[in-house]
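K.L.:
when you get a sec, could you give me coordinates for this:
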Amino acid sequence: MRRKYAARSGSGCPADRELARSRRVKPEAYEAYLKGRYFWYRFTPEALHKSIFYLNQAVEIDPAYVAAYAALADTYSLLPQLELEPPGEFLDKCKSAAEPGHHTPLDGGA
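P.N.:
Numbers count the residues shown, from 1 in each chain. Down below sits the predicted model:
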């Protein structure tokens, strides 16, 4: 309801104007994103790979879901720190996730 009001009024605080311009995310993509973030916060090698799996699902369901791409890049940035992946391989995957226009599903295993 607030979104409709913000769109009609044309005035209000900056947050209301941003709300009027925001796009809806597909519920299935949001659910996969939340699962991906859940596993990200577990911060174990197995959990990070599950996080990648779910975040890839989110971007496959909704290719315009920018937060999922950012979370995917964020997850890949942790892999070399935990010595789970060589830095060179990580960098390519991280760049791919950070540039949604060039994205192809990345190996995440679950």
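
K.L.:
so what touches stretch 27-41?
P.N.:
25, 47-48, 50-55, 57-59, 61-62, 65, 67-68, 71-72, 74-75, 78 (Cβ atoms under 8 Å, 6 or more residues apart in numbering). C-betas here are computed from N, CA, C, even on glycine.

K.L.:
buried subset of the residues you listed as a ChimeraX selection?
P.N.:
Remark: buried members of those, expressed as a ChimeraX selection using 16 or more other Cβ atoms under 10 Å:
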select :25,48,50,51,52,53,54,55,57,58,59,61,62,65,67,68,71,72,74,75,78
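
K.L.:
tell me where this structure has helices.
P.N.:
Applying DSSP state H to the chain gives helices spanning 2-9, 14-21, 27-40, 45-61, 66-78, 87-98.

K.L.:
can you spell out which helices and strands pack onto the fifth one?
P.N.:
Right, helix 66-78. In terms of contacts (3 or more Cβ pairs under 8 Å, 6 or more residues apart in numbering; DSSP states H and E), helix 66-78 is packed against helix 27-40, helix 45-61, helix 87-98.

K.L.:
avg pLDDT for the second one?
P.N.:
It stands for helix 45-61. Here helix 45-61 scores 94 as its mean pLDDT.

K.L.:
equivalent analysis for stretch 25-36, please.
P.N.:
Across stretch 25-36, pLDDT averages out at 95.

K.L.:
repeat for stretch 82-93
P.N.:
Per-residue scores along stretch 82-93 average to 65.

K.L.:
ok so, going back, deepest of the helices and strands packed on helix 66-78, which one?
P.N.:
Most buried of the helices and strands packed on helix 66-78 by mean neighbour count (mean count of other Cβ atoms under 10 Å) is helix 45-61; its value is a mean of 21.

K.L.:
cool, thanks, talk later.
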